[in-house]
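Student: Below: sequence and its predicted model.
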Amino acid sequence: MNSLYLECNAGISGDMTVAALLDLGADEKVLRDVLDSVPADGFSIAISRVKKAGVDCCDFNVVLDKEHENHDHDMAYLHGDETVYAELSGHEHSHHDYSDHDHIDHSHDHSDHDHTEHSHDHSDHDHVEHSHDHTDHGHHHHEHRGLPEIREIINHTQMTENALSLALKIFEILAKAEAKAHATDIDHVHFHEVGAIDSIVDIIAVAVCIDNLGIDKVYVPKLCEGMGTVRCQHGILSIPVPATANIMEAYQLPIEIMNVQGEFVTPTGAAIVAALKTDTHLPGQFCIKKIGLGAGKRTYQRPSILRAMLIEACDGTDDTENNTESDAICKLETNIDDCSGEVLGYTMERLFAAGARDVHYMPVFMKKNRPGWQLNVICDETKIAELEQIIFEETTTIGIRRIPVERSVLDRQIQKVMTPLGEAEVKICQIGQKKKIYPEYESVVRLCKEHHMTYQEVFDFIIKTTH
């Protein structure tokens, strides 16, 4: 398994994540080819090397044209006083250079609109701006895209199914958080900053890089966030801003508030963690296979650097020999005495669709010999809040028990194999030098119908013909 450790000691944002993953080895050409196909205009990308606090990092920059430029990396706008803001709003200011990126000739020309695209000259490396001219698909940042429009852009971008699914998942998380903040539903919420083309490109790029690296597991022990306020299109808001705070609540993201002024965790960064994180607990011992450093654009007291590491467990236990891995999951349990079987069946469907690892219910006798059901749900820690909400909505329970569970898991993978009956998916588990093969249910059923054979006949046949 490819395990990724995101060390968010200086927060996380979309561009920081893309840069760290590129530095980790994600294929730049694959990324550029995908971003070439984005059906939107007004942007180009620049990938370079920069220094943050003297440390060499990768920088991923979505360069916007004058019509689409925003204040996302402008420290005067984000944290300046009312006088500075008034100057910015009146287009009378000259841009302040708050960057500590140590770019060579990092000039800014804001003569016409105060927000022209940046000119970079990185003479020590190849720096190619990838321009887009999609004149038939103009989307301006001030149009405040909704989720349907963003889905349309992502669905028409040429990338793998896995990357597409991840990009949509990240925006679904953002949509739910914004919808809660504005008391509306996800299809009617209008994004401001995260609906701008630079944020859309960041999210697509993260999904492409994660897919390209073949990441199976992501550890995020904590998110470090700053204090104070930040200015956005809704006005001056407390940090973390509502969308970020809602994601932290919904996905139970561990946070540490630093005694530092500034917004270190953006809504996009929080949504990326919520979508990717599989565990908060690192292995007791692990070896670092490779390190990637991604630079942020904002300048705070603590340098904005995201460190991403490919790691593997090396604790010296017998688990390595047996191809097993230890991790922590959660069991949700509740007793219900006044729900029909149909209600529990539908609840099970919703729980599985929301990401539960397993769901089952069994008959029990409760107080005063009342017959009832015990509902059990196995899930990742990140899914607790979402799955509990479904249980409360769909059943009559008024309390749910949370039980932390440790488990050992065999190293396993899903493969497509060709048999004389046709193609089938199988799960292959490794136990030492031995393999166990388990045909997937859907493949068995499909072949049963095609060849008019029994389930057991097809199941045994796939195992015998799979090597």
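Tutor: Thanks, I have it. Note that this is a predicted model, so its numbers are computed, not measured. Numbers count the residues shown, from 1 in each chain.

Student: contacts, neighbours, all on C-alpha from now
Tutor: Fine.

Student: Tell me where the model's unsure across the stretch 301-450 of the chain.
Tutor: When residues are selected by pLDDT under 70, those of the stretch 301-450 of the chain lie in 315-328.

Student: Which stretches in it count as helices?
Tutor: 341-353, 384-394, 441-451 (DSSP state H, counting those that start in this stretch).

Student: now the ones you listed in CSV, with mean neighbour count and distance to residue 414?
Tutor: CSV is the format used below for these (neighbours: other CA atoms under 10 Å; distance: least, CA to CA, whole Å):
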stretch, mean neighbour count, distance to residue 414
helix 341-353, 15, 19
helix 384-394, 17, 26
helix 441-451, 15, 12
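
Student: wait, which of those is closest to residue 24?
Tutor: helix 384-394 (30.7 Å; CA to CA).

Student: Show me what the closest one packs onto, helices and strands only.
Tutor: When contacts are defined as 3 or more CA pairs under 8 Å, 6 or more residues apart in numbering; DSSP states H and E, helix 384-394 packs onto helix 242-250, strand 324-336, helix 341-353.

Student: want to throw the ones you listed into a markdown table with distance to residue 264?
Tutor: Output for those, formatted as a markdown table (distance: least, CA to CA, whole Å):
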| stretch | distance to residue 264 |
| --- | --- |
| helix 242-250 | 11 |
| strand 324-336 | 28 |
| helix 341-353 | 32 |
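
Student: Relative to residue 435, which of those is closest?
Tutor: The nearest among the helices and strands packed on helix 384-394, by CA to CA, is strand 324-336 at 12.7 Å.

Student: what's the neighbour count on residue 275?
Tutor: As a burial measure, residue 275 scores 19 neighbours (other CA atoms under 10 Å).

Student: Next, it: phi, psi?
Tutor: phi -80, psi -30 (degrees, to the nearest 10).

Student: tell me which element the nearest residue to it once chain neighbours are set aside is part of?
Tutor: Setting aside the residues directly before and after it, residue 275 is nearest to residue 170 in space (CA to CA, 6 or more residues apart in numbering), at 5.8 Å. Residue 170 belongs to helix 161-182 when assigned by DSSP states H and E.

Student: Grab the longest strand from the protein for me.
Tutor: Longest strand of the chain, by residue count under DSSP state E: strand 401-419.

Student: Tell me the strands beside that one, with direction?
Tutor: Its sheet considered, strand 401-419 pairs with strand 324-336 (antiparallel), strand 422-431 (antiparallel) by DSSP bridges.

Student: Residue 281: which of the helices of the stretch 301-450 of the chain is closest?
Tutor: helix 384-394 (15.9 Å).

Student: I'd like the distance from that closest one to the chain centre, please.
Tutor: The chain centre lies 21 Å from the centre of helix 384-394; the measure is CA atoms, centre = their mean, to the nearest Å.

Student: Equivalent analysis for stretch 371-383, please.
Tutor: 24 Å.

Student: List of residues touching it?
Tutor: With CA atoms under 8 Å, 6 or more residues apart in numbering as the test, stretch 371-383 has contacts from 251-253, 274, 277-279, 328-338, 355-366.

Student: can you tell me the average pLDDT over the helix or strand following the helix holding residue 170?
Tutor: Downstream of helix 161-182, the next assigned helix or strand under DSSP H and E is helix 197-213. For helix 197-213, the mean pLDDT works out to 93.

Student: how about the CA coordinates for helix 197-213, as CSV?
Tutor: The C-alpha trace of helix 197-213 is given here as CSV (Å, rounded to 0.1, in the frame of the first residue of the first chain):
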residue,chain,number,x,y,z
ILE,A,197,-11.4,29.0,-11.3
ASP,A,198,-8.2,28.9,-9.3
SER,A,199,-9.8,26.8,-6.5
ILE,A,200,-11.5,24.5,-9.1
VAL,A,201,-8.1,23.9,-10.7
ASP,A,202,-6.4,23.3,-7.3
ILE,A,203,-9.0,20.6,-6.4
ILE,A,204,-8.8,18.9,-9.8
ALA,A,205,-5.0,19.0,-9.6
VAL,A,206,-5.0,17.4,-6.1
ALA,A,207,-7.3,14.6,-7.3
VAL,A,208,-5.1,13.9,-10.3
CYS,A,209,-1.9,13.9,-8.3
ILE,A,210,-3.3,11.6,-5.6
ASP,A,211,-4.5,9.2,-8.3
ASN,A,212,-1.2,9.4,-10.2
LEU,A,213,0.8,8.5,-7.0
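
Student: just checking, what packs against it?
Tutor: Using 3+ CA pairs under 8 Å, 6+ apart: helix 197-213 touches helix 14-24, helix 28-36, strand 55-64, helix 161-182, helix 267-276.

Student: looking at those, which is buried most?
Tutor: Sort these by mean neighbour count, taking mean count of other CA atoms under 10 Å, and helix 14-24 sits at the top with a mean of 29.

Student: From the chain's centroid, how far away is that one?
Tutor: The chain centroid and the centroid of helix 14-24 are separated by 13 Å under CA atoms, centre = their mean.

Student: For residue 141, give me the pLDDT.
Tutor: Predicted confidence (pLDDT) for residue 141: 40.

Student: Would you mark the buried spots in the longest strand of the chain?
Tutor: For strand 401-419, the neighbour count (16 or more other CA atoms under 10 Å) marks 410-412 as buried.

Student: try stretch 453-467
Tutor: For stretch 453-467, burial by neighbour count (16+ other CA under 10 Å) applies to 455, 458-459, 461-462.

Student: From the residues you listed, pick the one nearest residue 155.
Tutor: Lowest distance from residue 155 to these (CA to CA) belongs to residue 462, with 35.2 Å.

Student: tell me the contacts of that closest one?
Tutor: Counted by CA under 8 Å, 6+ apart, residue 462 has contacts 419, 424, 439.

Student: Quick one: classify it as helix, strand or coil.
Tutor: Using DSSP: H, G, I helix; E, B strand; the rest coil, the structure places residue 462 in helix.

Student: change the start of the numbering to 42 and stick with it
Tutor: Taking 42 as the first residue, the last one we looked at is residue 503.

Student: related to what we said a few turns ago, is it possible to export the helices and strands packed on helix 238-254 to CSV including mean pLDDT?
Tutor: Shown next, in CSV, are the helices and strands packed on helix 238-254 (pLDDT from 0 to 100):
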stretch, mean pLDDT
helix 55-65, 96
helix 69-77, 96
strand 96-105, 92
helix 202-223, 89
helix 308-317, 94
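
Student: which one of those lies closest to residue 469?
Tutor: Residue 469 sits nearest to helix 202-223 of all these, at 20.4 Å, using CA to CA.

Student: residues making contact with that closest one?
Tutor: Contacts for helix 202-223 (CA under 8 Å, 6+ apart): 188, 192, 195-196, 226-230, 232, 244-245, 247-249, 251-252, 283-285, 287-288, 308-309, 312-313, 315-316.

Student: and with 7 Å instead?
Tutor: For helix 202-223, the external contacting residues (CA atoms under 7 Å, 6 or more residues apart in numbering) are 188, 192, 226-227, 230, 244-245, 248-249, 252, 283-284, 287-288, 312-313, 316.

Student: The strands paired with strand 442-460 into JSON lines, with extra columns for mean neighbour count and distance to residue 203?
Tutor: Formatted as JSON lines, those follow (neighbours: other CA under 10 Å; distance: least, CA to CA, whole Å):
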{"stretch": "strand 365-377", "mean neighbour count": "18", "distance to residue 203": "24"}
{"stretch": "strand 463-472", "mean neighbour count": "17", "distance to residue 203": "17"}
